[in-house]
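[1] Provided below are the primary sequence and the corresponding predicted coordinates.
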Amino acid sequence: MKKETFQDKLIKRFYGIVGPLDEYKRREANRIGNICFMFSLPFLLVASWLALLLADKSPKLLATYFPLAILAFFFVVSGFIMLRGRQAGLASYDPDELSAKERKQVERAGLRAGIYFASWFYLWNAALAIWLDKLPPVAAFSSLKTLCSALFAGCLFGLFSHFIVRKRQLDTE
């Protein structure tokens, strides 16, 4: 059995592919990635050119809206990737083709996603409190508000992830 390369693991993780990365799934992932690149490159070139033009005249306006425009664009691109990936059947899998390790990963995907999200959310909120509110690091990391918000967000995210994985399993059966 051929060992998966790091690039294959990244492709599977990014597109939500469970099971073996066969030629069809690889071809569809490459096609979707190429379409997104063809839209992203001109957008980023034009946005960067406009940012250079506006940098001297209105830096505050640029600092406010440029990151928001890029963030909104990439949310649209991510939605496109998810929609086209679902239409192409990249997220579908046959439970019989999965190895024992992959079955275990699918079963606990929601829990793992919730824990990762809660951890990053906690660190992000503490870092923002240190940077924006000028709190000392000990106070920022030991804040009950930061901990409770991270736990709540992690639980919600984990539940949503669990239900999405469960729906995907029911769709494939």
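    Sure thing, it's come through. Numbers count the residues shown, from 1 in each chain.
[2] chain center to the helix or strand bottoming out on mean pLDDT in the chain: distance?
    Among the helices and strands of the chain, helix 100-107 carries the lowest confidence by mean pLDDT, DSSP states H and E, at a mean of 75. With CA atoms, centre = their mean, to the nearest Å as the basis, helix 100-107 stands 20 Å off its chain's centre.
[3] what does it rub up against?
    18, 19, 95, 98, 112, 165, 169 (CB atoms under 8 Å, 6 or more residues apart in numbering). All C-beta atoms are positioned from the backbone trio N, CA, C, and that covers glycine.
[4] does anything pack onto the helix or strand encompassing residue 68? Which helices or strands?
    Taking DSSP states H and E as the criterion, residue 68 maps to helix 59-88. Applying 3 or more CB pairs under 8 Å, 6 or more residues apart in numbering; DSSP states H and E, we find helix 59-88 packed against helix 23-54.
[5] report the angle between the helix it packs on and helix 59-88.
    On the basis of axes from the mean of the first three to the mean of the last three CA atoms, to 10 degrees, helix 23-54 is oriented at 170 degrees to helix 59-88.
[6] so for helix 23-54, mean pLDDT?
    Mean per-residue pLDDT for helix 23-54: 94.
[7] would you mark the buried spots in that helix?
    Using 16 or more other CB atoms under 10 Å as the test for burial, helix 23-54 gives 25, 26, 28, 29, 32, 36, 51.
[8] list the buried residues of stretch 109-119.
    Using 16+ other CB under 10 Å as the test for burial, stretch 109-119 gives 109, 110, 113, 114, 117, 118.
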